[in-house]
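Visitor: Fold the following and give me the result.
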Amino acid sequence: MADLVCVGAIAGSFGVRGEVRLKSFCADPEAIAEYSPLSDEAGVSYTVTLTRSIKNGFAALLSGVDTKEQADALNGVQLFAPRDRLPDLGDEEYYHTDLIGLRVLDTGGTEIGTIRSVHDHGAGDLLEIQGPGMKASVLLPFTRTCVPTVDLGSGKIIADPPDGLF
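Guide: As a prediction, this is how the structure comes out:
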């Protein structure tokens, strides 16, 4: 799975002819079809054909999915593309999957925790950080001010969180 990047997820069926509701996690949402065929976590491969844009995603045809029941059974399945099919990233751009699991250190070198997930609610990415002594995870804005350094090679980021966040 290290060479795969999650580019979308199936959100159930659309209609009665085997189409699925497809959520794209790509910067250009329609580009998800360009990375086809996509595979699920079990390694099953699907050729993706977008049929139309719908609310919160696309209606799409997947190879091997011919009925509403088959489409319903795929609800929640994540779809992955090989990293080498994805575009090269510019400076200071990261795939979310590369950030998950990185250690988070403060500007003094003290370990705060680990990135558990990355959330995007429309106003910018938030890093969900979980660490020792924390009762609940903390959301840190993924901005240049709050995260001045990302070092994928050493598996860490340096955070300068707002006062009182941790």
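Visitor: CA-only coordinates of the top helix by length along the chain in CSV, if you can.
Guide: Scanning the chain for the longest helix, with DSSP state H as the assignment, gives helix 68-73. The C-alpha trace of helix 68-73 is given here as CSV (Å, rounded to 0.1, in the frame of the first residue of the first chain):
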residue,chain,number,x,y,z
LYS,A,68,-27.5,-1.7,-8.0
GLU,A,69,-26.9,-4.4,-5.5
GLN,A,70,-23.2,-4.7,-6.5
ALA,A,71,-22.9,-0.9,-6.3
ASP,A,72,-24.5,-0.9,-2.9
ALA,A,73,-22.1,-3.5,-1.7
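Visitor: Could you pull up the residues touching the nearest residue to Thr67 once chain neighbours are set aside?
Guide: Excluding the flanking residues, the one nearest Thr67 by Cβ to Cβ, 6 or more residues apart in numbering is Gly18, at 5.3 Å. The way it works is simple: take the backbone N, C-alpha and C, and place the C-beta from them, glycine included. Listed by Cβ atoms under 8 Å, 6 or more residues apart in numbering, the contact partners of Gly18 are Leu61, Leu62, Val65, Asp66, Thr67, Lys68, Gln70, Ala71.
Visitor: same deal with Phe58?
Guide: Arg21, Leu22, Ser24, Pro29, Glu30, Ile32, Leu50, Thr51, Arg52.
Visitor: In this structure the third one contacts Val7, no?
Guide: Yes - between Ser24 and Val7 a contact is recorded at 6.9 Å, counting by Cβ atoms under 8 Å.
Visitor: which residues do the two both contact?
Guide: Ile32.
Visitor: For this protein, which residues score under the pLDDT cut-off?
Guide: Along the chain, segments meeting pLDDT under 70 span 1-2.
Visitor: what number of residues lie near the closest residue in space to Asp3 that isn't next to it in sequence?
Guide: Once flanking residues are discounted, Asp3 sits nearest to Arg83: 5.2 Å by Cβ to Cβ, 6+ apart. By the criterion of other Cβ atoms under 10 Å, Arg83 has 13 neighbours.
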